[in-house]
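Chemist: Fold the following and give me the result.
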Amino acid sequence: MSLPNKEKWEFRLYIAGDAPNSRMAMANLAEIRQAYRLEDCELEIVDILKDPLRAIRDGILVTPTLLKLCPGLPCRIIGNLSDRKKVLQALGLSGGAE
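Modeler: Sure, this is the predicted structure:
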């Protein structure tokens, strides 16, 4: 599947160390990025155990949390990203390589 547009994709994933849900969120995001050819997107992973003030500053209360910063309107997805259909819909990627 090709990108829905040629804009640069930017994500920020907040995790809590090596917690099971953090690992699952990273794995699920990697699968989505591969399926939709988003491997070259910008991805910042913020471990709130190493940088708790960053989480507070960014208003993150729960991990894992994925922020889609661009393209389009920002969105926030809370959880381990295992509900693929809802994640794709939130990202504007629904209908394709599910």
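Chemist: surely His91 meets Cys75?
Modeler: In this structure residue 91 is Leu, not His. Yes - Leu91 lies in contact with Cys75 (CB atoms under 8 Å); the separation is 7.0 Å. C-beta coordinates here come from the backbone N, C-alpha and C atoms, glycine included.
Chemist: buried sites along the lengthiest helix in the chain?
Modeler: Assignment by DSSP state H gives helix 20-35 as the longest helix of the chain. By 16 or more other CB atoms under 10 Å, the buried positions in helix 20-35 come out as Asn21, Ser22, Ala25, Met26, Asn28, Leu29, Ile32, Arg33.
Chemist: helices and strands around it, which ones?
Modeler: Judged by 3 or more CB pairs under 8 Å, 6 or more residues apart in numbering; DSSP states H and E, the packing partners of helix 20-35 are strand 10-15, strand 42-47, helix 84-91.
Chemist: now do 10 Å
Modeler: Helices and strands touching helix 20-35, by 3 or more CB pairs under 10 Å, 6 or more residues apart in numbering; DSSP states H and E, are strand 10-15, strand 42-47, strand 65-70, strand 75-78, helix 84-91.
Chemist: Would you mind finding the most buried of the ones you listed?
Modeler: Stretch with highest mean neighbour count among the helices and strands packed on helix 20-35: strand 10-15 (a mean of 20; mean count of other CB atoms under 10 Å).
Chemist: ok, now which ones touch the residue lying closest to Arg54 once chain neighbours are set aside?
Modeler: In space, Arg54 comes closest to Val46 once its chain neighbours are excluded; the distance is 5.6 Å by CB to CB, 6 or more residues apart in numbering. Contacts for Val46 (CB atoms under 10 Å, 6 or more residues apart in numbering) come out as Arg12, Leu13, Tyr14, Ile15, Arg54, Ala55, Asp58, Ile60, Thr63, Thr65, Leu67.
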